[in-house]
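>>> Got a sequence here, can you build the structure:
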Amino acid sequence: MYQRNEFEGSQGSGTAALSFDSVLSAKAPDKAASGASQFRQSLAGNASTARWRDLDLIVDLGAQVGSKTWWRGAATCAALCVTTFLLAPSVEAIPTVAEPMDEAEWDEARAQAITPLALGGDTGRRMAATEAVEPLAGTPERPRIELTATLGRGDGLDRVLQRAGVSPGEAAELEAMISGAVPMSDIRPGTVMSIVLGRRPNRTVPRPVDEIAFRARFDLKLEVARVDGALRLNEIPIAVDDTPLRIRGRVGSSLYRSARAAGAPPAAIQEYLRAIGTRLSVNRDIGADATFDIIVEHRRAETGETETGRLIYAGLERGERETQLLRWSVNGEDQWFEASGVGQQTGQMLMPVNGRLSSGFGYRRHPILGYRRMHTGLDIAAPTGTPIRAAASGTVNYSGRNRGYGNYVRINHGSGIQTAYAHMSRIVARNGSRVTQGQIIGYVGSTGMSTGPHLHYELIRNGQKVDPRSVSFTRQARITGEELQRFRATLANLLEVEPGAALARRNERDEPEVASRGDRRPERSRS
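So this is what the prediction gives:
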């Protein structure tokens, strides 16, 4: 054990402390007695103040909640808060007298201030104008302005010109002049026009048009220029090579991949598969050794632009068996005809929507009315928004709301056959329009008397509603007479086209063009 030495601040044993105390008591007995008397008096005084020393005003309000100590600390905190609030000084505006600055003081303050440019700042020191600066009555204008304008979808030529700064009267004159040369419907959205605006007599009138140039059609360019104060239209024909693009190749492991590798466009391949699928099974009847033959519309202008159109011929060679299909229009409707001039479509109607058959044709207990009644169609359950396609080609003779059917479309296919589609969420086909088999006419919904999203599909034959699954029809078209001669001549001309001939002609035309450009001096731009 160690005890602290109060005299020297060092460590010493208990024996040493007793010995030292004994020496003190031996040498100064009076002082020890007087010290003991003082100690007893301090104890008596401390006993009287012990109660106040034990009083703790700073209490942890997070411990012993609800006890006497806690309530004493809460009262102390509240008293301190009230005292602080009562002793806080009042905040009042200091009254001042703002004297307006004279012009010299304002200029000096503005010179030393900084104002954001967004707020129209005009601060900072500026150099005064010297004698070399002469005031102008008006700022000069550019003699001409060159700009471009783009024709948007659903936009008008006059509106495009007015947005570019052309006066309404001149814009109407230009539109009438251009529409006389080419129908406005031939000018496609996205056409870019180069416009040059000339000098105007004063600032109060729009600038006049000096030049306009744009590609009106794939084979025509139009230029409008001001000659002797009047606008003149100049038509510039563009030579176009209409040689169709023919692609042949071996089917191999995948017809689609082989055709794409040969350079056929994806859209043309899809049309080819649909056309061939009307005559044979693509998955079962086409082997790896078969040869596909695809001819698509192709145009190339002398300026280098190309256009690839739709599929016009679909051929397939399977040994000695050969399928040749040519697209031909009959009564305004395109069909695929064989080389003999016979077009044929057999089989059942298309299923109008991909889904689950939830209710068939016949008597059933109505889910809403609660009693047995005749169900005159098929209910095909599908999610809301699933596309609904026409089961066969025909003319829409009803499109709109139809009582319990909700949104309803009926199509007349001829020969006394009609199909009806009910409970749509949205209708696409318009009344009186012509639709083809597989075309989207609406979307699945739950309008009318319906318990959930589905399509109610009906087949009407000679005014009687029959089971759609029981009807199979055959439609056959045949080309005869002079039209058959034109058909065979067109087919023969297409079969004479060499595969890749359109691309080969392009390469031959490009080579001398590059050589001539090398000898040509660069043209000077007009200002």
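
>>> Show me where the stretch 51-200 of the chain has its strands.
Here the stretch 51-200 of the chain has its strands, by DSSP state E, counting those that start in this stretch, at 145-150, 192-197.

>>> helices or strands next to the helix or strand that contains T323 in the packing?
Under the criterion of DSSP states H and E, T323 resides in strand 321-330. Strand 321-330 is packed against helix 266-277, strand 306-318, strand 333-338, helix 481-495, with contacts defined by 3 or more Cβ pairs under 8 Å, 6 or more residues apart in numbering; DSSP states H and E. Heads up, the C-betas are built off the backbone N, CA and C, glycines and all.

>>> In TSV, list the strands of the stretch 51-200 of the chain along with mean neighbour count and distance to G341.
Formatted as TSV, the strands of the stretch 51-200 of the chain follow (neighbours: other Cβ atoms under 10 Å; distance: least, Cβ to Cβ, whole Å):
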stretch	mean neighbour count	distance to G341
strand 145-150	14	46
strand 192-197	18	45
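
>>> if we can go back for a sec, worst average pLDDT in the helices and strands packed on strand 321-330?
Lowest mean pLDDT within those: strand 333-338, at a mean of 83.

>>> CA-only coordinates of that strand in CSV, if you can.
The C-alpha coordinates for strand 333-338 follow below in CSV (Å, rounded to 0.1, in the frame of the first residue of the first chain):
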residue,chain,number,x,y,z
GLU,A,333,-55.7,-4.9,-104.1
ASP,A,334,-52.2,-6.4,-104.3
GLN,A,335,-52.1,-10.2,-104.5
TRP,A,336,-49.5,-12.8,-105.2
PHE,A,337,-50.1,-14.6,-108.5
GLU,A,338,-48.4,-17.7,-109.8
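
>>> got the angle for that strand vs helix 266-277?
Strand 333-338 and helix 266-277 are oriented at 60 degrees to each other (axes from the mean of the first three to the mean of the last three Cα atoms, to 10 degrees).

>>> Stretch 159-167: which residues count as buried?
Within stretch 159-167, the residues scored as buried using 16 or more other Cβ atoms under 10 Å are 160-162, 164-167.

>>> Compute the mean per-residue pLDDT across that stretch, please.
The model assigns stretch 159-167 a mean pLDDT of 90.

>>> Off-centre distance for it?
Offset of stretch 159-167 from its chain centre (Cα atoms, centre = their mean, to the nearest Å): 29 Å.

>>> How about stretch 449-457?
With Cα atoms, centre = their mean, you get 31 Å for stretch 449-457.

>>> Residues contacting that stretch from elsewhere in the structure, which ones?
Residues outside stretch 449-457 that contact it (Cβ atoms under 8 Å, 6 or more residues apart in numbering) are 352-353, 355, 358, 367-368, 377-384, 388, 391, 404-406, 419-425, 444-446, 468.

>>> Can you show me the helices along the protein?
14-27, 29-53, 68-87, 103-112, 157-163, 168-181, 255-262, 266-277, 282-285, 481-495, 501-519 (DSSP state H).

>>> Return the backbone torsion pair for the most centrally placed residue in the chain.
The centroid of the chain falls nearest to R153 when counting by Cα atoms, centre = their mean (16.3 Å). R153 adopts backbone torsions of phi -70, psi 130, taken as degrees, to the nearest 10.

>>> How much space separates it from V192?
14 Å (Cβ to Cβ, to the nearest Å).

>>> Equivalent analysis for D467, please.
57 Å.

>>> Likewise for R299?
20 Å.

>>> Also R430?
33 Å.

>>> try S67
86 Å.

>>> still on that earlier bit, with distance to P265 and mean pLDDT added, can I get the strands of the stretch 51-200 of the chain in a markdown table?
Converted to a markdown table, the strands of the stretch 51-200 of the chain look like this (distance: least, Cβ to Cβ, whole Å; pLDDT from 0 to 100):
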| stretch | distance to P265 | mean pLDDT |
| --- | --- | --- |
| strand 145-150 | 26 | 92 |
| strand 192-197 | 25 | 93 |
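
>>> With respect to A216, which of the ones you listed lies nearest?
Distance to A216, taken as Cβ to Cβ, is lowest for strand 192-197 among those, at 9.9 Å.

>>> Report all helices and strands that the closest one contacts.
strand 145-150, strand 209-217.

>>> a markdown table please, covering those strands and showing distance to A88.
Below are those laid out as a markdown table (distance: least, Cβ to Cβ, whole Å):
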| stretch | distance to A88 |
| --- | --- |
| strand 145-150 | 68 |
| strand 209-217 | 77 |
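
>>> before we move on, the earlier item: which of the helices of the chain has the lowest mean pLDDT?
Minimum mean pLDDT among these: helix 14-27, a mean of 42.

>>> Specify the beta-bridge partners of the nearest residue to W328 once chain neighbours are set aside.
Spatial nearest neighbour of W328, chain neighbours left out: F337 (4.9 Å); criterion: Cβ to Cβ, 6 or more residues apart in numbering. Beta bridges link F337 to L326 when assigned by DSSP bridges.

>>> how close does F337 get to I479?
6 Å.

>>> now D107
For D107, the distance to I479 - Cβ to Cβ - is 94 Å.

>>> Just the buried residues of stretch 292-302, please?
292-296, 298-301.

>>> quick one: which of those residues is nearest to L136?
Using Cβ to Cβ, the buried residues of stretch 292-302 come closest to L136 at A301, 50.1 Å.

>>> That closest one reaches V240, doesn't it?
Yes: if you go by Cβ atoms under 8 Å, A301 and V240 touch, sitting 5.1 Å apart.

>>> shared neighbours, these two?
218-219.

>>> can you count the residues close to I286?
18 (other Cβ atoms under 10 Å).

>>> residues touching the closest residue in space to A164 that isn't next to it in sequence, list them.
Spatially, and ignoring its direct neighbours in sequence, A164 is nearest to A149 (4.6 Å; Cβ to Cβ, 6+ apart). A149 makes contact with 160-161, 163-164, 192-193, 195, according to Cβ under 8 Å, 6+ apart.

>>> One more: G277?
Contacts of G277 (Cβ under 8 Å, 6+ apart): none.

>>> how much space between the nearest residue to M184 once chain neighbours are set aside and R163?
Excluding the flanking residues, the one nearest M184 by Cβ to Cβ, 6+ apart is L157, at 6.7 Å. Distance of L157 to R163, given as Cβ to Cβ: 11 Å.

>>> same thing with V435?
For V435, the distance to R163 - Cβ to Cβ - is 38 Å.

>>> next one: S253
S253 is 55 Å from R163, by Cβ to Cβ.
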